[in-house]
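1. Fold the stuff below for me.
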Amino acid sequence: MEFQNTPEEDIERLSKAIVDAIVSSKEVKSILSRLIEKDVMVDKGFMMLMIKIQALSELADLAGKDNGAKRPSRKKSPRQYIDGRELTPSEIAFLDYCTKNFDEKEWLKKIGITLEDNK
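-> Below you'll find the predicted structure:
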């Protein structure tokens, strides 16, 4: 499952999952088909629910068809550059080592700089 989605994408996924769960239910399908066959008049709230489910179902079908047409996401380049020159793997490893092991407080102390908090 992806975790880097916008809230809108997550809500859209949730609504599609709900519609798929509702529409794939055999019981829901049979009840809806019986109501349609009998041409039963139902209260306004239920009718709105049916219309929304139908619209979301159609939206899910369209989104499923368009899923293959989505452009692929850009992959991050593993290459790193400094001053316009690509770094070698050993230079990248050295930079990683330095950033992980650098002690800022010790370095400031060594060169004689003190930072005071005026609180």
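2. following the helix-or-strand element of the chain with minimal mean pLDDT, which helix or strand shows up next?
-> Here the helix or strand of the chain ranked lowest by mean pLDDT, DSSP states H and E is helix 44-66, holding a mean of 69. Sequence-wise, the next helix or strand downstream of helix 44-66 (DSSP states H and E) is strand 81-82.
3. residue ranges with poor pLDDT in this structure?
-> Along the chain, segments meeting pLDDT under 70 span 1-4, 19, 23, 40-48, 60, 63-77, 117-119.
4. per-domain residue ranges of this protein.
-> Listed by automatic domain parsing, the domain ranges of the chain are 7-69, 81-111.
5. Centre of the chain to the last one, how far?
-> Here domain 81-111 shows a centroid-to-chain-centroid distance of 33 Å under the convention Cα atoms, centre = their mean, to the nearest Å.
6. and that domain, how far apart are its ends?
-> 29 Å (Cα to Cα, to the nearest Å).
7. for stretch 17-32, same thing?
-> OK, stretch 17-32 end separation, Cα to Cα: 19 Å.
8. where's it relative to the chain centroid, distance-wise?
-> For stretch 17-32, the distance to the chain centre is 26 Å (Cα atoms, centre = their mean).
9. Now tabulate the domains of the chain in TSV and tack on mean neighbour count.
-> Heads up, the C-betas are built off the backbone N, CA and C, glycines and all. Below are the domains of the chain laid out as TSV (neighbours: other Cβ atoms under 10 Å):
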stretch	mean neighbour count
domain 7-69	11
domain 81-111	9
